[in-house]
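S.K.: predicted model and sequence follow; I will ask about them next.
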Amino acid sequence: MYKRLTAWTRYTLWLVCTVFLLPVLAGDWLPLKIDQLHDPDNPALGLLQNPGDALSRLPADNAGNEVDWIRALENGYIRPRSELHGDKQVEILDSDILMNKTGSIPRVRFPHKPHTQWLDCENCHEKLFKSQAGATPITMGKILEGEYCGVCHGAVAFPLTECNRCHSVPWEDEASVQAGVP
Amino acid sequence: MMSLLISVLVPYGPGLAEYADVVLNRESDKAGVRPVIFPHWFHRVRYQCRVCHSELGFEMRAGANLVTMQDITDGQFCGACHDGEIAWSTENCDLCHSALPGTAAGIRGGHETLGPGNW
């Protein structure tokens, strides 16, 4: 069968397979040498850690760095310091904010806990978000443009392709609760 | 061989960089050195976001920080760690100035959306 194909068809098949299969074979995290961002001619490149060497050992995720950073932190895979010198006890706020103005799609539950595990209150308040719930005019359009949540999500925290992680509270839940249905 | 094939055949461009890599190129190309790559993944394994974005004063927006080599050698910004004590010192130019010449500044890496990735 394969031998009956013309040389050009065989070449095209080979090319397609190579283009799509090689990145998969090479692993999820490309070595710096071939990431098309680092200069492969840099003589010091070999001294830098490749992403896969560190990230392949952390809990997996399907987006961003393909690392579940929250689990990595909570389960002790990593112990990132909280200050430059020393390691002060950080203030963790375990409080969720429910955002209701989402139309017909599931509402947003914003959990303070994982955010305060990484960030200080001042990183978000009062510059990006007012402390008073409901006082900040957040829209999905603004987030996609890199404002509000989009300052981090889509740039460094899990990307905006992961709708359900924020839009996680279906409207039916509340209807069920109010109707007394378990 | 595989590296060569990938770099020749895969037409994805800088999208292959690791998510949240930041390219700093306000001065580098002009000064004739490679642009800087700041890998978020490497740093967040070791330090919480608050250390750089609160204690050291980095704004949480690529392009919003005017960082000069003078600042760094004075112990500001990157220089708070890259002092030869905590991390490598500024004599090791090639370790930070490691991007392909001409790479535009901004946030790189796959999974980017239309917003932050395009600042």
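M.R.: On my side now, so go ahead. Numbers count the residues shown, from 1 in each chain, chains lettered A, B, ... in the order given.

S.K.: got the contact list for the spatially most central residue of chain B?
M.R.: Centrality entry for chain B: nearest residue to the mean C-alpha point is B:Phe38, 2.1 Å, by Cα atoms, centre = their mean. Applying Cβ atoms under 8 Å, 6 or more residues apart in numbering or on different chains to B:Phe38 gives the contacts B:Asp21, B:Val22, B:Val23, B:Leu24, B:Cys96. Every residue, glycine included, has its C-beta placed from N, CA and C.

S.K.: out of those, the closest to A:Ala135 would be?
M.R.: Nearest to A:Ala135, judged by Cβ to Cβ, of the contacts of B:Phe38 is B:Val22 at 31.0 Å.

S.K.: that closest one should be in a helix, yeah?
M.R.: No. Looking at B:Val22 with DSSP: H, G, I helix; E, B strand; the rest coil, it is strand, so not inside a helix.

S.K.: re the thing from before, is it possible to get a markdown table of the contacts of B:Phe38 that adds pLDDT, neighbour count and distance to chain A?
M.R.: Formatted as a markdown table, those follow (pLDDT from 0 to 100; neighbours: other Cβ atoms under 10 Å in any protein chain shown; distance: Cβ to the nearest Cβ, whole Å):
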| residue | pLDDT | neighbour count | distance to chain A |
| --- | --- | --- | --- |
| B:Asp21 | 94 | 24 | 6 |
| B:Val22 | 95 | 20 | 9 |
| B:Val23 | 95 | 21 | 7 |
| B:Leu24 | 96 | 21 | 12 |
| B:Cys96 | 98 | 23 | 9 |
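
S.K.: give me the pLDDT for the residue nearest to the centre of chain B.
M.R.: Per-residue confidence (pLDDT) for B:Phe38: 97.

S.K.: can you list the strands that the helix or strand hosting it pairs with?
M.R.: Applying DSSP states H and E as the criterion places B:Phe38 in strand B:36-39. Strand partners for strand B:36-39, identified by DSSP bridges, are recorded as strand B:21-24 (antiparallel).
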